[in-house]
Each structure stands twice: as C-alpha cells, then as structure tokens.
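[1] Turn this into a structure:
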Amino acid sequence: MKRLSFPLVASFYTKNTPYEEEVRHLRDSCERFHLEHHIVGVPSMGSWELNCAYKPLFLLQMMEKLRRPLLWVDADAVFVREPSFLEVFRADLAVRMYNCPDHHPSRIVSATLFINATPAALQILHLWAEECISRFQEKDRKQEVWDQDALRKVLLEEEHGATYLPLPAAYSKIPEHPEDEAICQDPVIVQNQASRRYKRWVNCPEERQSFDIFFSQ
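    Sure thing, here's the model as predicted:
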C-alpha cells in the first residue's frame, strides 16, 4: 500500500498540563516516520475523566471536517517503528480488545483507535459521545466515567450496523501489561500511560504546587 493509504494520525492534548511535554514525543515520532498527523491542544475540561470523554466529540469534529480515515493515538503514546496499512483498516472501526469477558470495563481499550470514513463509523462516534454524556448525567453517580467502557457498551451491547475488528497488540502495547508482554515483542505504538503520573495533577489544582516542583526536577 502507498503511504497515502495510511490513516491520518489524530490526537489532542490538554493545554497548560504536563501532557504538553508528553505530546512532543508523539509528534516527533510521527515526523520521524513521515506520518501525516493532526495533533492539537485543547483547554482542560476540569478533570481527567472529562478530558478523556472529550475524545469521541473531538473525533466527530475531525471526521465531519476532514471526511477521511483517522487513527486516534493517545497524546502520551509514541510510534517506535514504522507502521503499515492493516487489513483491519477496511472495517468501519478497529480497536484493541483484551481477552476478558465482554462486560469487563477493560475489554475495549481506546488508546489507539481506527475510525473509517464511513456512515457506520460516524454513527459509532455519535453513539459513543451520547453514552459518555449520559453517564455524566446519571443522578448520584459514584463511579468514574471511562470513555473506553462507554465505547465497549456501544460496540458490544447496542444495535448498530458497523463492522469492527480487533486492532493488533503491536499498535497499542501497554508496557508491563501481562497480555501485551506475552504476545507483543515488537510494538509499533507504545502507550506510556501518563495518567498514572498526571491524573491526580489534573484533578487536584490545590496540590499542583508540589507537583510542579516534582516536574521541574
């Protein structure tokens, strides 16, 4: 396949947060492998979960504007070797699917996500965004909203006409994850999971002074 067949790499990062530094690695890796990309900064919505749930809305905006296949990659990820066009890119959607029950919140991981420029894929984005919004509006909500679990519900529990396929582990490897370490020795995209370091920073403005000191060291 020609390079033009590879989807546009799309991502956003939250401005005035440590993700501004993280996303440089993603942008540099795209340029290293000559991957066309659209990576933009957006204001923080006020919490980590709200920022993550913006993902389907962002992708809707990109799809409606560009009308071309997209490969979403989290801002804290990096391409470590040159990617190639995959057969799963012929489906409406491709996403990493872990070997666990369909109801498990980690069955679907949306850190890397392929969205084709098809009406069915656009429908999935609409349903995903609506599911995220619905969860935030739940009365007396106690559980954190995970955008990936909202996508899991849409794909596996709701009626839709989209075709979706599992994305190879090499395109969304999580270091030290037992399943990924067992089946993926030569990744294309590595997910660095900066949320483990920065989630509390985003959620707790009153503690940022001490965190800022840590980041400056």
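
[2] and the longest helix anywhere in the chain, what does it pack onto?
    In the chain, assigned by DSSP state H, the helix with the most residues is helix 119-136. If contacts are counted by 3 or more C-beta pairs under 8 Å, 6 or more residues apart in numbering; DSSP states H and E, helix 119-136 sits against helix 48-53, helix 55-66, strand 108-115, helix 147-157. Backbone N, C-alpha and C define where each C-beta goes, glycine included.

[3] in the second one, what's buried?
    When you say that, I think you mean helix 55-66. 55, 56, 58, 59, 60, 62, 63 (16 or more other C-beta atoms under 10 Å).

[4] what sits up against it?
    8, 10, 12, 38, 42, 70, 72, 110, 113, 115, 117, 121-122, 125-126, 128-129, 132, 147, 150-151 (C-beta atoms under 8 Å, 6 or more residues apart in numbering).

[5] So what are the sheet partners of the helix or strand that comes right after that helix and their directions?
    The helix or strand immediately downstream of helix 55-66 is strand 70-73, counting by DSSP states H and E. Strand pairing for strand 70-73, using DSSP bridges, gives strand 8-14 (parallel), strand 108-115 (antiparallel).

[6] Check residue 214 and give its pLDDT.
    Model confidence at residue 214, given as pLDDT, is 30.

[7] which one of the helices and strands packed on helix 119-136 lies closest to residue 183?
    Proximity to residue 183 (C-beta to C-beta) singles out strand 108-115 among those, at 14.1 Å.
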